[in-house]
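Visitor: 3D model of this:
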Amino acid sequence: MNMNLYPLMFKPVYKDYPWGGSRIPETFNRNLSTGIYAESWEITDHNDGMSIVENGPYTGESFRSLLKQAPQAIISNRSKHDAFPLLIKLIDASKKLSVQVHPNDLTAAQYGGEPKTEMWYLLGDNKTAVYCGLQPNTTQHQFLAAVENNTSEELLQRIPVQKESAIFVRGGRVHAIDSGCLILEIQQSSNTTYRIYDWGRMGNDGKPRELHIEKAVEVINWDDTENPLVEPICLSQTDTLEHWQILACDYFKLDKWILNGNHVCTLDGSTFNALFIAEGQITLTWGSDNSLTVPTGRSVLIPAGLSSYTLTGTGTILRTALP
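Guide: Below is the predicted model of the structure:
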């Protein structure tokens, strides 16, 4: 169908998990009532949280309804499905997240659940840490004994992080986010989490949250020795744009654009551009006279079929695309 293609902004979907805090509304000037905002699902086509368009002619329509109408125009001219393959979210870890693991493509097919490989990009100014990956030579027996003794974090790699640190979390990699982390997370579209240890805390209902140790054991990659800390690569630098590759994997790629002026972006139809404005305020223009201003801390989806758009302003943009 002929679809009116334009940059799409969505109403965030908020989650009130017990480890969350208030930095998402405070940091990004979101006018929200007092409460826990653990996650903000920025761009999502998932049954546990669906994006609703909040700008332009499609205001009020679900992301899924648009995808069903024109998946190749929105996602990619290579797309064979009408489901958006990624979920982009903000995470505010006021307290530690549980020690957990997600299945990869293979183990999800074997044991059920949705596969989830993800990455974290640190946004907050404070120095903190993440737990990601097992200590070398950790056996299943050792790890289960540590879980039983409430010492599982001692067998995880603790990685100091700060603003602009990037961490790659393959499916099958045991991990936890320490308190103090404010994160942009890029992931496969999945909400499957196998919780291993939850630091003895209660859920919002006053009861201990469910653990999934048997399922976790099935999907953990016990041979995982890869360093999860990612080193960015500078790809190009001009007077108006500094372009850094943060990560490229089988499911997505993340780039950082430092903008100072105007920059024209062209699309060949093979991927959308999902932009998160990490710093500054950016104006997008497209077509003959269309424009949209996106403030700090908001996300916008550029459909794959929109052949070009121009960015104007000064700031830092995190661009997610298909590989």
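Visitor: So which bits of stretch 242-249 are buried?
Guide: Neighbour-count burial for stretch 242-249, counted by 16 or more other CB atoms under 10 Å, picks out Glu242, His243, Trp244, Gln245, Ile246, Leu247. All C-beta atoms are positioned from the backbone trio N, CA, C, and that covers glycine.
Visitor: make that stretch 55-62, sorry
Guide: Applying 16+ other CB under 10 Å to stretch 55-62 flags Tyr58 as buried.
Visitor: So what touches it?
Guide: Applying CB atoms under 8 Å, 6 or more residues apart in numbering, the contact partners of stretch 55-62 are Asn4, Tyr6, Pro7, Leu8, Met9, Met50, Ser51, Ile52, Val53, Leu66, Leu292.
Visitor: Quote the end-to-end distance of it.
Guide: 12 Å (CA to CA, to the nearest Å).
Visitor: try stretch 79-88
Guide: 19 Å.
Visitor: Quick one: distance of it to the chain centre.
Guide: Taking CA atoms, centre = their mean, to the nearest Å, one finds the center of stretch 79-88 at 14 Å from the center of the full chain.
Visitor: go on, stretch 289-308?
Guide: With CA atoms, centre = their mean, you get 18 Å for stretch 289-308.
Visitor: Check stretch 18-34 too.
Guide: Taking mean C-alpha positions (CA atoms, centre = their mean), stretch 18-34 and its chain are 17 Å apart.
Visitor: who's in contact with that stretch?
Guide: Stretch 18-34 is contacted by residues 12, 14, 35-40, 90, 92-98, 123-124, 179, 182, 201-204, 209, 295-298 when judged by CB under 8 Å, 6+ apart.
Visitor: could you dump it to PDB, C-alpha only?
Guide: Taking Å, rounded to 0.1, in the frame of the first residue of the first chain, the C-alpha atoms of stretch 18-34 are listed here in PDB:
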ATOM      1  CA  PRO A  18      10.600  -2.800  42.100                       C
ATOM      2  CA  TRP A  19      14.200  -2.000  41.400                       C
ATOM      3  CA  GLY A  20      13.300   1.200  39.400                       C
ATOM      4  CA  GLY A  21      13.500   4.800  40.400                       C
ATOM      5  CA  SER A  22      12.600   8.300  39.100                       C
ATOM      6  CA  ARG A  23      15.600   9.300  36.900                       C
ATOM      7  CA  ILE A  24      13.800   8.700  33.600                       C
ATOM      8  CA  PRO A  25      11.300  11.500  34.200                       C
ATOM      9  CA  GLU A  26      13.800  13.700  36.100                       C
ATOM     10  CA  THR A  27      16.700  13.400  33.600                       C
ATOM     11  CA  PHE A  28      14.600  13.700  30.500                       C
ATOM     12  CA  ASN A  29      12.000  16.300  31.700                       C
ATOM     13  CA  ARG A  30       9.000  14.000  31.400                       C
ATOM     14  CA  ASN A  31       5.900  15.300  33.100                       C
ATOM     15  CA  LEU A  32       4.800  12.200  35.000                       C
ATOM     16  CA  SER A  33       3.100  11.600  38.300                       C
ATOM     17  CA  THR A  34       5.200  10.400  41.200                       C
END
